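Enquirer: can't give you the sequence, but here's the structure:
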């Protein structure tokens, strides 16, 4: 059985589309509200490893929470970025999916999901 942890914001239409795609394709997942319970430190660290060249892609840059912080992400250390993300789940790109505990998938793209999960 594939283990998928799905961090989502209930009002996020992209998260709803991603969950529907996973359901339609027969994948079970653990659903966690990203605002009430942001991803664990180790998963945020994994995301930063995977997206090290594009740290900003881990952030929900279109959201009000990000726009209100007015920080240059590129000058922050990895630890500072993780602390910032843990302080407000709305700062994190969503859906934030942890696949088998080894890979993080951000956002929703049907073609990318098919490549990753099929």
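Expert: Received, thanks. It should be emphasised that the depicted structure is a prediction, and the values quoted were computed from it without experimental measurement.
Enquirer: C-alpha only now, for contacts and for neighbours.
Expert: OK.
Enquirer: Give me the residue at the spatial middle of this structure.
Expert: residue 96 (2.2 Å; C-alpha atoms, centre = their mean).
Enquirer: tell me the phi and psi of that one?
Expert: phi -110, psi 110 (degrees, to the nearest 10).
Enquirer: what's the answer for the one 10 residues further on, then?
Expert: Backbone dihedrals for residue 106, given as degrees, to the nearest 10, come out at phi -110, psi 140.
Enquirer: My guess is it contacts residue 99. True?
Expert: No - when contacts are counted by C-alpha atoms under 8 Å, residue 106 is not listed as touching residue 99 (10.8 Å).
Enquirer: Tell me which of these two has more neighbours.
Expert: residue 106 (20 against 17; other C-alpha atoms under 10 Å).
Enquirer: Beta-bridge partners for the more buried one, please?
Expert: residue 96 (DSSP bridges).
Enquirer: after the lengthiest helix in the chain, next one along is what?
Expert: Determined from DSSP state H, the single longest helix within the chain is helix 13-24. Sequence-wise, the next helix or strand downstream of helix 13-24 (DSSP states H and E) is strand 30-33.
Enquirer: what's the nearest residue to residue 18 if we skip its chain neighbours?
Expert: residue 108 (5.7 Å; C-alpha to C-alpha, 6 or more residues apart in numbering).
Enquirer: Which stretches in the chain count as strands?
Expert: Applying DSSP state E to the chain gives strands spanning 4-8, 30-33, 96-99, 103-106.
Enquirer: would you list these in JSON lines and tack on distance to residue 116 and mean pLDDT?
Expert: Shown next, in JSON lines, are these (distance: least, C-alpha to C-alpha, whole Å; pLDDT from 0 to 100):
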{"stretch": "strand 4-8", "distance to residue 116": "12", "mean pLDDT": "98"}
{"stretch": "strand 30-33", "distance to residue 116": "17", "mean pLDDT": "98"}
{"stretch": "strand 96-99", "distance to residue 116": "9", "mean pLDDT": "97"}
{"stretch": "strand 103-106", "distance to residue 116": "9", "mean pLDDT": "96"}
